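>>> how would this look folded up:
(one chain, ligands or ions: 2)
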Amino acid sequence: EETPIPELGVETPQPEELRVELNPISGERPLTAITYRIFQERDLIRTFSIEPHKLLSYLFALEDSYQQVPYHNKLHGADVCQSMHVLLNSSGIKDVFNEFEILAAIFAAVVHDVHHSGLTNPFLIKTKNDLAILYNNESVLENHHVAVAFKLLQADERNIFSNLSAEQMETLRKRVVDMVLATDMAKHKTLLADFQNLLEAKKMSGNDYLTLESYDDRILVLKNLIHCADLSNMTKPLDTYSKWIDRLMVEFWKQGDAERDLGLDISPMCVRSPTTKDKHQIGFINSFVHPLWETWGSLVYPDANTILETLAQNREWHEASLAALTSSTTDNS
Ligand SMILES: COc1ccc(C2=NN(C3CCN(c4nc(N)nc5sccc45)CC3)C(=O)[C@@H]3CC=CC[C@H]23)cc1OC
Ligand SMILES: [Mg+2]
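Numbering: from 1, shown residues only. Ligands and ions are numbered 1, 2, ... in the order given. Coordinates of the predicted model:
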């Protein structure tokens with residue numbers, strides 16, 4: 001008879017009182033609430049003999065290690081984790097990945113931006129930030145995020161993987177590092193090209209479903225998966241998407257202010273102007289986001305059709321908004 005996993009994370013003689021206590025926490029602790037729920041729903045707690053109180057301790061510490069910046073805060077960590085959870089259920093890949101890979105993917109998603117300073121890699125590099133020196137300008141933020149995530153595991157009361165064998169832990173660690181480092185936008189073009197080549201080769205082989213043998217093929221799909229989850233704002237309903245844009249613009253504009261104060265060139269995304277918001281969304285979707293989601297859509301066809309439709313509608317909305325803005329400004333001229 002399997003021991004029941006405590007729904008609230010810990011055994012208690014007063015579940016109702018604890019539920020009342022925990023409710024406001026899920027408001028203040030969205031990352032912990034969402035991730036704990038996903039671990040429960042995917043039965044990861046039982047499968048990997050994770051001690052529930054350790055999972056809560058780890059998630060509390062992880063959530064508190066996300067900085068209070070406008071966009072790359074704990075809400076973004078929670079959002080990418082939830083998006084990863086949904087994408088893993090796409091019919092085209094549902095039966096492809098095993099529970100170890102799913103554990104690694106969910107964990108990588110929730111930790112992927114921990115301790116983000118709200119500044120971009122180019123900014124950290126050109127200001128010779130300690131992190132850029134430490135990581136030799138190579139995926140500076142992403143190396144930092146995954147290092148912090150594993151540092152938090154070193155405390156025994158937070159080591160949620162204590163019941164994995166050394167070999168299982170080694171492979172889990174490699175997968176998580178590979179996935180978090182793949183969220184560096186500088187890796188986008190290579191990552192997508194390799195993904196497209198893999199799908200082309202699979203199509204040639206005539207298999208109507210994805211068969212992935214090697215670690216390299218399997219991790220390549222998982223890297224593109226976390227990259228999709230990280231670039232999923234534009235595939236969400238417009239009112240949700242708009243809120244993410246507003247947060248991101250505040251974060252980029254603050255960096256632009258810092259660049260101006262330091263006498264540095266202002267990064268293209270960080271220039272305050274009424275049209276940059278729409279222009280950059282359209283540019284970002286055309287150059288990066290749509291090509292990635294179109295490739296993902298070909299893998300999980302027709303599962304991503306709604307995503308691709310929403311992405312197209314969101315792009316059209318920005319094009320209309322930009323046209324209205326520029327026509328109104330030309331009228332005034
Ligand atoms: C909601 O809307 C957004 C959310 C996130 C981002 C991000 N943007 N970038 C980069 C993207 C390429 N960038 C571009 N640079 C230049 N020069 N031109 C251009 S045109 C178009 C882009 C672009 C630099 C920033 C990051 O690395 C973030 C960290 C990891 C993932 C995506 C995150 C962006 C959003 O909307 C734009
Ligand atoms: Mg990141």
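>>> Mind checking what secondary structure Asp265 has?
Three-state call for Asp265 (DSSP: H, G, I helix; E, B strand; the rest coil): coil.
>>> if I pick the nearest residue to it once chain neighbours are set aside, what's in contact with it?
In space, not counting the residues next to it along the chain, Asp265 is nearest to Glu259; the distance is 6.8 Å by C-beta to C-beta, 6 or more residues apart in numbering. The C-beta positions use only the backbone N, C-alpha and C, and glycine is treated the same way. The contact partners of Glu259, by C-beta atoms under 8 Å, 6 or more residues apart in numbering, come to 123, 265-267, 270.
>>> Buried ones among these?
123, 266-267, 270 (16 or more other C-beta atoms under 10 Å).
>>> So which of these is the closest to ligand 2?
Phe123 (13.4 Å; C-beta to the ion).
>>> host element of the closest one?
Following DSSP states H and E, one finds Phe123 within helix 121-126.
>>> what helices or strands is the next helix or strand after that helix leaning on?
As assigned by DSSP H and E, the chain's next helix or strand after helix 121-126 is helix 130-134. If you count contacts as 3 or more C-beta pairs under 8 Å, 6 or more residues apart in numbering; DSSP states H and E, helix 130-134 packs onto helix 121-126, helix 140-153.
>>> before we move on, what SS does the closest residue to Pro291 other than its chain neighbours have?
Nearest non-adjacent residue to Pro291, counting by C-beta to C-beta, 6+ apart: Leu192, 6.2 Å away. When classified by three-state DSSP, Leu192 comes out as helix.
>>> before we move on, the earlier item: which one of the helices and strands packed on helix 130-134 is the most hemmed in?
Among these, the stretch with the highest mean neighbour count (mean count of other C-beta atoms under 10 Å) is helix 140-153, at a mean of 20.
>>> near ligand 1 at all, that helix?
No: Helix 140-153 does not reach ligand 1 (C-beta under 6 Å from any ligand atom); its nearest approach is 7.9 Å.
>>> Check stretch 97-115 too.
No: shown here: stretch 97-115 not in contact with ligand 1 (C-beta under 6 Å from any ligand atom), separated by at least 7.9 Å.
>>> Can you show me the CA trace of stretch 307-317 as CSV?
Only the C-alpha atoms of stretch 307-317 are listed here, as CSV (Å, rounded to 0.1, in the frame of the first residue of the first chain):
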residue,chain,number,x,y,z
ILE,A,307,-0.2,28.5,-30.2
LEU,A,308,0.7,29.4,-33.8
GLU,A,309,-2.7,31.1,-34.4
THR,A,310,-2.3,33.1,-31.2
LEU,A,311,1.2,34.1,-32.1
ALA,A,312,0.0,35.3,-35.5
GLN,A,313,-2.9,37.3,-34.0
ASN,A,314,-0.5,38.9,-31.4
ARG,A,315,1.9,39.9,-34.2
GLU,A,316,-0.9,41.4,-36.2
TRP,A,317,-2.1,43.3,-33.2
